[in-house]
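> prediction below, plus the sequence it came from.
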Amino acid sequence: MGYTFLTVNEEKTNRNRVPKIKQQRFIADGSADDENLQWKIPINDWIKLNFNSIGLYRVKYELQTLARLNEQIAYQTISPQDRLMIQNDVAALCNVGHQSFFDYLKLLSSYTDEDNFTLFSSMQNKLGWNDKPNEDPLSAMLRPMI
């Protein structure tokens, strides 16, 4: 019988690292694979840079990538620190005009079932409880969502 056995290597060209995945059949008794069977292996279609948010830098994701991350945030499949940092990055980028507040609104909808205090604290600190002088309309719209 057997099942698939994946070997993952990295190929480096200049400063780029490209994962190379090799598939073969794993047979428990060590016998050779005569059939050369291939399995369909699901691979994430989303990318999250700065794993567990250990680096000190901002990341701006293109809209399609951010949409894929929104799904991972909603299902809480990525760590709380990564969920917090994505929210924090988008908020910071919105504040300086590098990203649209519409993107931030869409992102916040991913936190509907969020139960991690740290994330709510960060969002609430940004928006506060009360209206602010000269506040942009989108920030005012976000406040009741938190």
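Looks like it came in fine.
> buried stuff in the lengthiest helix in the chain?
When the chain is scanned for its longest helix (criterion: DSSP state H), the result is helix 80-95. Within helix 80-95, the residues that count as buried by 16 or more other Cβ atoms under 10 Å are 80-91, 93-94. Any C-beta I mention is one placed from the backbone N, CA and C, and that applies to glycine too.
> after it, heading C-terminal, what element do we hit next?
As assigned by DSSP states H and E, the chain's next helix or strand after helix 80-95 is helix 101-108.
> which elements pack onto that next one?
The contact analysis (3 or more Cβ pairs under 8 Å, 6 or more residues apart in numbering; DSSP states H and E) places helix 101-108 against helix 63-74, helix 80-95, helix 137-142.
> from the buried residues of helix 80-95, pick the one nearest Ser31.
Ser31 lies nearest to Asp82 out of the buried residues of helix 80-95, by Cβ to Cβ, at 42.2 Å.
> list the residues that contact Ile47.
Contacts here follow Cβ atoms under 8 Å, 6 or more residues apart in numbering; on that basis Ile47 touches Tyr61, Thr65, Arg68.
> okay, it: pLDDT?
Ile47 is assigned a pLDDT of 81 by the prediction.
> can you list the domain ranges for the chain.
Domains of the chain are assigned by automatic domain parsing as 1-43, 44-145.
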